[in-house]
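1. generate coordinates for the sequence data below:
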Amino acid sequence: MNKFEQLGLSESLQRAIIDLGFENPTEVQEKAIPMLLEQDTDLVALAQTGTGKTAAFGFPLIQKIDANNRNTQALILSPTRELCLQITNEIKNYSKYEKGINVVAVYGGASITDQARDIKRGAQIIVATPGRMQDMINRGLVNITQINYCVLDEADEMLNMGFYEDIVNILSTTPDEKSTWLFSATMPQEVSRIAKQFMHDPIEITVGTKNSGSATVSHEFYLVNARDRYEALKRLADANPDIFSVVFCRTKRDTQQVAEKLIEDGYNAAALHGDLSQAQRDSVMKSFRGRQIQMLVATDVAARGIDVDNITHVVNYQLPDEIETYNHRSGRTGRAGKLGTSIVIVTKSEIRKISSIERIIKQKFEEKTIPSGIEICEIQLLHLANKIKDTEVDHEIDNYLPAINNVLEGLSKEELIKKMVSVEFNRFINYYKKTRDLSSQSSGNDRRERDDSQPRESNNGGAVRYFVNIGSRDNFDWMTLKDYLKETLDLGRDDVYKVDVKEGFSFFNTDPEFTDKVMETLNNVTLEGRRINVEISKNDGGGRRDHNGRSSGGGFGGGRSSGGGGFRSDRSSAPRSGGFGPRKEGGFSDRAPRVGGCGGRSDSRSAAPRSGGFSSDRAPRRSDAPRPEGFSDRAPRRSEGSSDTPRERRPRRS
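-> Residues are numbered from 1 along each chain as shown. Alright, predicted model coming up:
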């Protein structure tokens, strides 16, 4: 039985819930929905982003609305255009079987006349951003003096964005006897002030610990030199081929520049910031939701309200000015009970901020080192092997097979595999053997004591690194895989360490004394009908392990992704991840279609291997996705004299 039936919702709402595929209410929904249905009360609900707050207030709001009365009965305030539109669409989906209920979105960047006309036709529920709502009130285009319900969603975000005066003015226009429902991830002083001024004895519900981070998000930091920040970002992306992420920068200028650099270097990236038009923002978000974009570089303001399924990582390219904002950034991943990872790239001068964030989110960070080039090569090649294995054959190729067979005649299966893999491996190894270690010389361990902080010996001195053909697609993360290996091998807590889980495979370490046991035991085990295969890896995994046995090296250590394709590494002639094939002299365009909010350079890269099949000097993007409709290659520049105008990009390095 669907557990939503026990919350007191109407039959029509339950039908919509079934259509949406909801089965079990989240904690905030279980606590809020019955309470809001049973009584008219003010409510303060503290819950992290991604815990289902929209449904928590949306379902009871719809059930309490009088569909026969076309006057405005409810106002929902949200911080950004994206979140405003998202809430509007969700309320419409929830009320699909409720005849006569109309919902109108009111936000900047669209015609205020059209929005006023839609309200005049009859809108029981208005979803609005504070700035546009205040504008409409000033112009006499909306009447909220008789509303029964007012919802403040992401209240801390609205106040953090400077909407305090607008919210106070809007709430002062509403009747005192209305019910006010305030939903927020944190409870700073300004939110408390709003609650005391405009709410009457509100009931407070808290999901998790007040102001804490989500339990489904793990937190990692990488200490690098300031000049290596961008190179570290690319190295981390290459170490996790299936990343689907939001990359946060502090300013619009940095956002634009980082996105442009990523696009130049062949990543499926785009910028999202306030200088984009609404049409461009919509186009970028459409491409991101469709996974044509895998690295969305955004400012904090632009990213608020992003609700995209299965974001695997949030990358803090720069920490926010306000430490509390980190909580909202990390809330973009690990949503709806799924696991996610929040990455922070820090320099020595910023390391003290990690402890401050830990106190706020009440969770510990794991320190890791930027993965080595050799490890990235191994990860990418194994990813390639899995990709080849899982590829569905398009039989349109059958007509070309005779000619291909003639070319490859005389090669054995082993020789053919070696040659195919060597095409990619040679490029990766030739590039990465020239790269240096990006890890900062000074470890962040001096900020606090760590147990077992000394590194394990490498393969040539001690620890053995293994590759195993199970990963996140088998529902493992690093903790569950470590537990599985300990139980299967009957080893102690610290005998399995440096566990690094990718989508279709994983790595782990043991001491040499357990090698025979690992090889004999695991190679004779089946998991859900599939034989486990374990091999000794030539790479020792690098880094340190902490007192929990977690690896401080080896990429993200999560691989909790469902997106496709890897990314290219460092800029000059850097290898592409996730694919194979030499540059082709003819038959393919030199230039790939752009995707996203900014364009790259017009010249091609020097002998850079590309991902995802045969490629030319400028190979097709990983997804081979067309440019979003109506969206130019380059985002608009700000006017002359603006401090946010991106600088001209520097010449390529040779």
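2. just give me the neighbour total for the nearest residue to Phe476 once chain neighbours are set aside.
-> Distances taken as CB to CB, 6 or more residues apart in numbering put Val501 closest to Phe476, at 5.6 Å, once the chain neighbours are dropped. All C-beta atoms are positioned from the backbone trio N, CA, C, and that covers glycine. By the criterion of other CB atoms under 10 Å, Val501 has 28 neighbours.
3. pretty sure Val501 is touching Asn475, no?
-> No: Val501 is beyond contact range of Asn475, at 10.4 Å (criterion: CB atoms under 8 Å).
4. who are the packing partners of the longest helix along the chain?
-> In the chain, taking DSSP state H as the definition, the longest helix is helix 413-432. Judged by 3 or more CB pairs under 8 Å, 6 or more residues apart in numbering; DSSP states H and E, helix 413-432 is in contact with helix 373-390.
5. so which elements touch the helix it packs on?
-> Packing contacts for helix 373-390, counted by 3+ CB pairs under 8 Å, 6+ apart, involve helix 229-239, helix 413-432.
6. look up the pLDDT of Ala32 for me, please.
-> In this model, Ala32 is scored at 93, pLDDT.
7. I meant Gly542, not that one.
-> 46.
8. now the angle from the longest helix of the chain to helix 229-239?
-> If you take axes from the mean of the first three to the mean of the last three CA atoms, to 10 degrees, helix 413-432 sits at 170 degrees to helix 229-239.
9. quick one, which of the helices and strands packed on helix 373-390 gets closest to Asp483.
-> helix 229-239 (23.7 Å; CB to CB).
10. average model confidence for the closest one?
-> 91.
11. mind listing what's buried along it?
-> Residues of helix 229-239 classed as buried by neighbour count (16 or more other CB atoms under 10 Å): Arg229, Tyr230, Glu231, Ala232, Leu233, Lys234, Arg235, Leu236, Ala237, Asp238, Ala239.
12. closest to Ile147 out of those?
-> Leu233 (46.0 Å).
13. so the closest one sits against Val247, correct?
-> Yes: taking contacts as CB under 8 Å, Leu233 lies within contact range of Val247: 7.0 Å.
14. need the residues touching each of the two.
-> Taking CB atoms under 8 Å, 6 or more residues apart in numbering as the contact criterion, the residues that touch both Leu233 and Val247 are Val258, Val315, Tyr317.
15. could you measure from the last one over to Lys31?
-> Tyr317 sits 36 Å away from Lys31 when distances are taken as CB to CB, to the nearest Å.
16. circling back to that earlier point, same list (the helices and strands packed on helix 373-390) but as TSV, adding distance to Thr341.
-> Shown next, in TSV, are the helices and strands packed on helix 373-390 (distance: least, CB to CB, whole Å):
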stretch	distance to Thr341
helix 229-239	10
helix 413-432	23
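17. any idea which of those helices gets closest to Lys178?
-> Of all these, helix 229-239 comes closest under CB to CB, at 47.0 Å.
18. now the closest one against helix 373-390, angle please.
-> Going by the same axes, to 10 degrees, helix 229-239 makes 40 degrees with helix 373-390.
19. lowest confidence element among the helices and strands of the protein?
-> Taking mean pLDDT, DSSP states H and E as the measure, the chain has helix 300-303 as its least confident helix or strand, at a mean of 74.
20. could I have the helix or strand hosting Ser355 exported to CSV, CA atoms only?
-> In this assignment (DSSP states H and E), Ser355 forms part of helix 352-361. This file holds the C-alpha atoms of helix 352-361, laid out as CSV (Å, rounded to 0.1, in the frame of the first residue of the first chain):
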residue,chain,number,x,y,z
ARG,A,352,41.0,26.8,8.0
LYS,A,353,37.6,27.2,6.4
ILE,A,354,37.1,23.5,6.2
SER,A,355,36.9,23.3,10.0
SER,A,356,34.4,26.1,10.1
ILE,A,357,32.2,24.3,7.6
GLU,A,358,32.5,21.0,9.6
ARG,A,359,31.1,22.8,12.6
ILE,A,360,28.1,24.1,10.6
ILE,A,361,27.2,20.9,8.7
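21. who does the first helix or strand past that helix going along the chain pair up with?
-> Per DSSP H and E, the first helix or strand lying C-terminal to helix 352-361 is strand 366-368. Strand partners for strand 366-368, identified by DSSP bridges, are recorded as strand 217-223 (parallel).
22. just how off-centre is the strand it pairs with within its chain?
-> Centre-to-centre, strand 217-223 and its host chain are 14 Å apart (CA atoms, centre = their mean, to the nearest Å).
23. next: stretch 35-42.
-> With CA atoms, centre = their mean, you get 34 Å for stretch 35-42.
24. what do you get for stretch 62-69?
-> 36 Å.
25. list the contacts of Leu233.
-> Contacts of Leu233 by CB under 8 Å, 6+ apart are Val247, Val258, Leu262, Val315, Tyr317, Ile345.
26. ok, now Leu438?
-> Per CB under 8 Å, 6+ apart, neighbours of Leu438: Val224, Asn225, Asp228, Glu231, Ala232, Arg235, Ile370.
27. tell me the spacing between the fourth one and Glu260.
-> With distances taken as CB to CB, Glu231 is found 16 Å from Glu260.
28. also Trp478?
-> 34 Å.
29. and the two? Which one has more around it.
-> Neighbour count, other CB under 10 Å: between Trp478 and Glu260, Trp478 has more, with 26 against 23.
30. excluding its backbone neighbours, what's nearest the more buried one?
-> Val499 (4.5 Å).
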